[in-house]
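Colleague: Give me coordinates for this.
(one chain, ligands or ions: 1)
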Amino acid sequence: MRQVDFAQLRNQTQERMSLFSPRENELKQLVDELTAIFSEAEEVLKQHQDSDRSLIACGAGCQDCCVVNVSITLLEGIAIAQFLRSLDSVNFKSISTRLDLLWRDVRGLDDDERMVLRRQCAFLDERGYCLIYPVRPLFCRSVTSTDVEHCRAAVSGQVFGEVQPVMMHQFQLQLYKTLFSGVADGLERAGLDGRSFQLCGLVRYLLSYPDRDEELLTRSSLCWDEIYT
Ligand code: SF4
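Modeller: Okay, here's the model as predicted:
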């Protein structure tokens with residue numbers, strides 16, 4: 001596969017997002033478009049010449065980095081909320097409760113404070129698997145490590161204010177950062193809400209108000225105070 005032109009990819013992603021309008025009942029298509037972007041990115045990673053992932057140490061059950069603040073667009077939050085609403089009531093209730101407990105502990109914390117607290121993401125199950133893996137955020141997809149011990153040292157070092165480097169797969173990082181920017185810009189261009197929010201707080205809020213997805217994306221009316229409470 002030829003080189004990826006990231007500037008062009010950002011423009012293309014922006015274009016794809018800006019074609020939709022939930023005002024015309026296109027929220028489902030918009031979410032489908034986002035999941036198509038997820039799938040296509042996976043293909044690019046499989047096929048691209050700069051994408052040798054053999055050195056990546058991340059894998060199912062590895063959960064050391066799932067203790068950080070994760071930024072997501074409102075559309076990603078809606079995709080996750082829709083995925084969760086499709087689960088059976090027992091799983092749905094269990095995840096909702098975990099979100100409530102986590103948000104009680106981490107709301108208002110900045111990135112460093114959250115890492116020091118080391119509270120795991122509400123979407124991790126007891127095996128360390130991500131329960132929303134098919135719709136996990138672009139941010140989570142971007143993060144990789146070549147050495148699990150480096151991740152542990154980085155998270156532990158944060159407690160003492162130390163910054164420990166973690167070697168990441170740069171192509172994967174750039175790919176997903178580009179897609180994140182393209183999605184956010186495209187939503188703004190379509191007159192929708194392209195701002196980013198904290199994963200836990202946003203999804204908890206969306207689950208509490210199942211009928212507001214379309215309204216929130218269209219009116220850009222969601223404010224921090226609503227999520228915080
Ligand atoms: S959404 Fe999944 S991958 Fe991302 S921090 Fe949570 S458990 Fe980890």
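Colleague: Now do the contacts for the residue sitting nearest the centre point of the chain.
Modeller: Closest to where the C-alpha atoms of the chain average out (CA atoms, centre = their mean) is Pro137, at 1.9 Å. If you count contacts by CB atoms under 8 Å, 6 or more residues apart in numbering, Pro137 has them with Val70, Ser71, Ile72, Glu76, Ile80, Leu199. To be clear about C-beta, it is placed using only N, CA and C from the backbone, and glycine gets the same treatment.
Colleague: Show the overlap between the residues you listed and what lies near the ligand.
Modeller: Among those, the residues within reach of the ligand (CB under 6 Å from any ligand atom) are Val70.
Colleague: ok, which residues in this structure are in contact with the ligand?
Modeller: Residues of the chain lying close to the ligand by CB under 6 Å from any ligand atom are Cys66, Val70, Cys121, Phe123, Leu124, Cys130, Ile132, Arg136, Pro137, Cys140.
Colleague: Backbone torsions only: list them for Asp100.
Modeller: Main-chain dihedrals, Asp100, degrees, to the nearest 10: phi -60, psi -50.
Colleague: so it touches Val203, yeah?
Modeller: No. Counting by CB atoms under 8 Å, Asp100 stays clear of Val203, with 11.2 Å between them.
Colleague: Can you pick out the residue with more neighbours from these two?
Modeller: Shown here are Asp100 and Val203; by other CB atoms under 10 Å, Val203 has more neighbours (29 against 14).
Colleague: Quick one: list the elements packing against the one helix or strand that one maps to.
Modeller: Secondary-structure assignment from DSSP states H and E places Val203 in helix 199-208. Judged by 3 or more CB pairs under 8 Å, 6 or more residues apart in numbering; DSSP states H and E, helix 199-208 is in contact with strand 71-73, helix 74-85, helix 89-106, helix 224-228.
Colleague: Give me the buried positions along it.
Modeller: Across helix 199-208, burial judged by 16 or more other CB atoms under 10 Å covers Leu199, Cys200, Gly201, Leu202, Val203, Arg204, Tyr205, Leu206, Leu207.
Colleague: Include distance to His48 and pLDDT when you put those into JSON lines, please.
Modeller: Shown next, in JSON lines, are the buried residues of helix 199-208 (distance: CB to CB, whole Å; pLDDT from 0 to 100):
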{"residue": "Leu199", "distance to His48": "27", "pLDDT": "97"}
{"residue": "Cys200", "distance to His48": "32", "pLDDT": "96"}
{"residue": "Gly201", "distance to His48": "34", "pLDDT": "96"}
{"residue": "Leu202", "distance to His48": "31", "pLDDT": "97"}
{"residue": "Val203", "distance to His48": "31", "pLDDT": "98"}
{"residue": "Arg204", "distance to His48": "36", "pLDDT": "97"}
{"residue": "Tyr205", "distance to His48": "37", "pLDDT": "96"}
{"residue": "Leu206", "distance to His48": "34", "pLDDT": "97"}
{"residue": "Leu207", "distance to His48": "36", "pLDDT": "97"}
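Colleague: Good, wrapping up.
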